[in-house]
Structure formats: C-alpha cells, structure tokens
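Undergrad: What would the 3D arrangement of this be:
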Amino acid sequence: MITVREIKEEEYDLLKAFLYEAIFIPEGMNPPEREIIEQPELKLYYENFGSEKADHCIVADDDGRVVGAVWTRIMKDYGHVDDDTPSFAISLYTEYRGKGIGTKMMEQMLEHLRTQGYKKASLAVQKANYAVRMYEKVGFEVAHENEEEFIMVCYL
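TA: Model (predicted):
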C-alpha cells in the first residue's frame, strides 16, 4: 500500500536518484549519463537539502520503499520566479506513474506550503512532458514560456 509522508533526514540522499528520474527524456532519445546530476545547475536541487527554511519534501512509500518524491526549495533553478517562492521538483519511479500518486504528493505539498505561509510556488516543465496536465489539475498555471518549457506558478 502506498502512503504519502514527510521525508526522513536519513533519506535525503534519495533526492539525487529522484532528480535523475525527474529528467524528462523525449521519446526516441537516450537518457543522459547519471553523472549529469553532478552539474552545478542540477546539484542545487539536492545539495545541503534540509538546511534552508523552504526545504520541504514529501515521499511516496510503498511498504517501506520510497518510490517517489516531491520537494521544494528556494533556488535559482529553471523555475525560479523570485526569492520568496519555493520551486518544485517531483519524481516517481516509472512503474508508479499514472496512478494518482504524483497528484496526491503535489496536493499535500501545496497544502503544506500554504500552512507555512508561502503565497505561491513555481516549477519549470518541458512543454512535451505529460506532467503538464497534472500540474494544471493541482492549480499551476503558465506564467512564462520559452521555446521548450513552461514556467508555471500556483497561487496558494
């Protein structure tokens, strides 16, 4: 049975694996090498996680195995809109996708941020990513876009 809960400190290292899983790979493309997550623009998603006020993480737990994560922090990432708005990252192992687990994690995180006093949250997503529909379903809307991706904001 899948439960959604806050991450435990000893599980923070899992964010590296989930960050790699979160990389959108268009159909027909080969996945990048795992080392890609060591690049500075990606390390900021997990390096020293838990040390900042806006570092929050909720995981999906399948009988003791963490199978998904949604986490936020204020960082100068692709989805950065301002220094008061946490950016989202979300990832779920492939076999757990399409079952409503990601939506449940997103809704729980949005509620958590609301109770923490945040006014909005943001994320960046490739336009071709099927997750765009899920983000819209939980309340995100397109704030900006470029050729390849949307910057989406959810007002809390």
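
Undergrad: could you point out the longest strand in this structure?
TA: Counting by DSSP state E, the longest strand found in the chain is strand 65-73.

Undergrad: Look up how far Y155 lies from the residue nearest to N129 when sequence neighbours are not counted.
TA: Nearest residue to N129, sequence neighbours excluded (CB to CB, 6 or more residues apart in numbering): F24, at 4.8 Å. Heads up, the C-betas are built off the backbone N, CA and C, glycines and all. From F24 over to Y155 the distance is 25 Å, taken as CB to CB, to the nearest Å.

Undergrad: Of those two, which one has the most company?
TA: Set F24 next to Y155 and count neighbours by other CB atoms under 10 Å: F24 wins out with 14 against 9.

Undergrad: Surely that one is within a strand?
TA: No - looking at F24 with DSSP: H, G, I helix; E, B strand; the rest coil, it is coil, so not inside a strand.

Undergrad: So for it, what's the pLDDT?
TA: In this model, F24 is scored at 79, pLDDT.

Undergrad: Just confirm it contacts K127, I think it does.
TA: No - using CB atoms under 8 Å, F24 is not in contact with K127; the gap is 9.9 Å.

Undergrad: Select the longest helix from the chain.
TA: helix 101-115 (DSSP state H).

Undergrad: Kindly spell out which helices and strands sit in contact with that helix.
TA: strand 2-6, strand 56-62, strand 65-73, strand 87-92, strand 120-126, helix 131-137 (3 or more CB pairs under 8 Å, 6 or more residues apart in numbering; DSSP states H and E).

Undergrad: what would these look like in JSON lines with mean neighbour count?
TA: Output for the helices and strands packed on helix 101-115, formatted as JSON lines (neighbours: other CB atoms under 10 Å):
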{"stretch": "strand 2-6", "mean neighbour count": "13"}
{"stretch": "strand 56-62", "mean neighbour count": "20"}
{"stretch": "strand 65-73", "mean neighbour count": "22"}
{"stretch": "strand 87-92", "mean neighbour count": "22"}
{"stretch": "strand 120-126", "mean neighbour count": "21"}
{"stretch": "helix 131-137", "mean neighbour count": "15"}
